[in-house]
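[1] Quick one, fold the following:
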Amino acid sequence: MNYSPYFFLFLFGLAVGSFLNVVSLRYKPGQKLLDLRVINGRSRCLHCGKKLVWYELIPLISFLVQKGKCRGCGQKLSFQYPLVEFLSGLIFIFVPIALMAGVVTPYTPVAILIWILIFLLFLLLSIIDFHFYLIPDSINLFLAILGILLIVIQSLTLNQWSAVSGQMSFTGHYSLLFGLIENIWLNHFFAAVLAMIFFAAIIVLSRGKGMGWGDFKLAAAFGLIFGWPDIIVVIFLAFVIGAIFTAPLLIKKQKTMKDIVPFGPFLVIGSSLVFFLGKRLIDGYFKLFNF
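    Residues are numbered from 1 along each chain as shown. Here you go, the predicted model:
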């Protein structure tokens with residue numbers, strides 16, 4: 001196997017991750033996500049304001065060489081910089097690998113590009129939601145558009161045999177247990193509507209304290225992207241991961257039930273698990289109960 005293409009993809013992903021850092025760190029609630037007047041400015045240290053030169057902006061390498069500190073003031077740099085760059089690099093490697101491992105069609109390169117964009121937006125919305133407890137409408141809209149493009153591609157490539165064999169779902173043949181496999185458009189729009197109803201119910205019943213409308217819109221986009229029954233697994237995993245994360249904080253009294261916790265990152269983690277490990281997770285679940 002020739003690994004050199006993945007090496008260059010990883011390097012390109014690092015550069016894209018550096019751009020995502022710029023967008024997320026310069027974003028302010030209420031402004032456009034890609035405001036050129038904001039993101040075009042020279043990069044500076046967030047502590048001392050020193051303008052950074054080119055060798056201080058090399059993705060991942062600069063952070064490691066500088067030992068995570070600003071060369072001007074010596075203040076520690078946010079670990080977000082290398083983490084986002086590294087995750088972006090991994091997206092450019094593992095998304096193509098995952099999709100190339102399945103049925104390859106003439107539309108597979110387009111699907112790979114769309115899924116890379118989706119995961120980059122997943123990464124960006126996680127950062128913004130973590131910092132500001134909100135998800136920009138522009139991200140939700142773009143994700144919904146990419147979801148519809150995926151439906152178009154799948155409708156062009158998946159025949160009836162592919163549908164009934166479970167290839168239209170990341171849960172594999174387990175999706176056959178849930179129906180709605182004959183029409184991919186109905187499948188994905190049903191998933192979107194179901195996700196919206198579920199999150200709307202939480203918002204209404206909790207009077208806006210249990211979930212936000214940004215999560216409601218994000219769930220709809222996720223439904224379009226993943227379809228039925230994958231969206232159920234995504235939401236289930238998101239709540240389980242959210243509970244695992246917040247339970248220790250509640251026990252240590254670092255958080256209370258009234259505190260806001262960003263749910264977007266949990267949905268992203270759940271969707272990532274479904275994308276890369278969906279069928280294996282279901283296999284493990286049934287083996288756990290000896291089914």
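
[2] For residue 183, list the residues it contacts.
    Taking Cβ atoms under 8 Å, 6 or more residues apart in numbering as the criterion, residue 183 is in contact with no other residue. Just so you know, the C-beta spots here come from the backbone N, C-alpha and C atoms, and that holds for glycine as well.

[3] And residue 270, by the same measure?
    Applying Cβ under 8 Å, 6+ apart to residue 270 gives the contacts 233-238, 240-241.

[4] In helices, which of those fall?
    Using DSSP state H, the subset of those located in helices is 233-238, 240-241.

[5] Which single one of those is nearest to residue 111?
    For the ones in helices among the contacts of residue 270, the closest approach to residue 111 (Cβ to Cβ) belongs to residue 234, at 18.5 Å.

[6] That closest one and residue 274 touch, don't they?
    Yes. The criterion here is Cβ atoms under 8 Å, and residue 234 meets it with residue 274 at 5.2 Å.

[7] circling back: from the contacts of residue 270, keep the buried residues only.
    Among the contacts of residue 270, those scoring as buried are 233-235, 237-238, 241 (criterion: 16 or more other Cβ atoms under 10 Å).

[8] Residue 99 and residue 113 touch, don't they?
    No. Distance between residue 99 and residue 113: 10.2 Å, which falls outside the contact criterion (Cβ under 8 Å).

[9] of those two, who's got more company?
    For the pair residue 99 and residue 113, the greater number of neighbours falls to residue 99 (18 against 14), based on other Cβ atoms under 10 Å.

[10] Check which helix or strand the more buried one maps to.
    helix 80-100 (DSSP states H and E).

[11] okay, now residue 72: neighbour count?
    Counted with other Cβ under 10 Å, the neighbours of residue 72 add up to 15.

[12] SS state for it?
    Look at residue 72: counting by DSSP: H, G, I helix; E, B strand; the rest coil, its state is coil.

[13] okay, now residue 74: neighbour count?
    10.

[14] how close does it sit to residue 66?
    For residue 74, the distance to residue 66 (Cβ to Cβ, to the nearest Å) stands at 10 Å.

[15] pretty sure residue 6 is touching residue 95, no?
    No. The pair residue 6 and residue 95 fails to qualify as a contact (Cβ under 8 Å) at a distance of 11.1 Å.

[16] Looking at those two now, which is surrounded by more residues?
    Neighbours per residue, other Cβ under 10 Å: of residue 6 and residue 95, the larger number sits with residue 95, 24 against 17.

[17] who are the neighbours in contact with residue 133?
    For residue 133, the residues meeting the contact criterion (Cβ under 8 Å, 6+ apart) are 212, 260, 262.

[18] Repeat that for residue 121.
    With contact set as Cβ under 8 Å, 6+ apart, residue 121 has these partners: 139, 142-143, 146.
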